[in-house]
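K.L.:
Predicted model, plus sequence, below.
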Amino acid sequence: MDIKRIEAFFFEAMQEGWATPAKKMPIAGLPGAKSIPFKKGDLSLLDYYLVNPDNQSSYGTTVIWLAEKPVWVMHYGGFYSKSVIPFLKRALQHTYSRTNFIGGRGPEEYREVGNNLIYQNKPNYTEFGFACFSGREVVFSTEDLNATLGEHRYFGGMF
């Protein structure tokens, strides 16, 4: 299996995924679930997630199939305040557009001029990278470094 090909496909799909204005599709039988499918040749990706509107908790999974066989997966979950979602999307796109795998999420740190938000990603580095990873991302404000405005823990890798 060509892991570099699958990783390149991951970035191509994610540049068209959740962090963009791409249309999110409902999933029959899973109330509240949304999905973003992407397919190219014999590779396909489905990123799907659920959000609890009462407490902003969110959990999801991203799966890549090669010739209809699952070959890679990432699970993520936690919560994000609605107010930081646009900033989170920009942080993720920052990394995806550079095809830099940092646990499948955003950069180790992301800030914007004139914005008081900070995104931090703390992957648990291993020698396996795309093949086996885990970590935690968080968004907080420079006005109160102790107040987390959102976080996700994530893990995944090759089958």
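P.N.:
Arrived safely, thanks for sending. Numbers count the residues shown, from 1 in each chain.

K.L.:
how about the most far-flung residue of the chain relative to its centre, phi and psi?
P.N.:
Here the chain has its C-alpha centre computed as a mean, and the residue farthest from that point, by Cα atoms, centre = their mean, is residue 143 with 25.8 Å. Backbone torsions for residue 143, taken as degrees, to the nearest 10, come to phi -80, psi -20.

K.L.:
can you list the residues that contact stretch 46-66?
P.N.:
1, 6, 9-10, 13-14, 17-18, 27, 30, 32-38, 42-45, 70-82, 104, 150, 152, 156 (Cβ atoms under 8 Å, 6 or more residues apart in numbering). Where you see a C-beta, it was placed from the backbone N, CA and C, and this is true even at glycine.

K.L.:
at 7 Å what do you get?
P.N.:
Applying Cβ atoms under 7 Å, 6 or more residues apart in numbering, the contact partners of stretch 46-66 are 1, 6, 9-10, 17-18, 27, 32-37, 42-45, 70-82.

K.L.:
And these, which of them are buried?
P.N.:
6, 9-10, 17-18, 33-36, 43-45, 71-72, 74-80 (16 or more other Cβ atoms under 10 Å).

K.L.:
Tell me which of the contacts of stretch 46-66 fall in strands.
P.N.:
33-37, 43-45, 70-80 (DSSP state E).

K.L.:
Tell me how far the residue nearest in space to the middle of the chain lies from residue 66.
P.N.:
Nearest residue to the geometric centre of the chain (Cα atoms, centre = their mean): residue 105, 4.7 Å. To residue 66, residue 105 is 22 Å away according to Cβ to Cβ, to the nearest Å.

K.L.:
how close does residue 24 sit to residue 153?
P.N.:
Distance, residue 24 to residue 153, using Cβ to Cβ: 22 Å.
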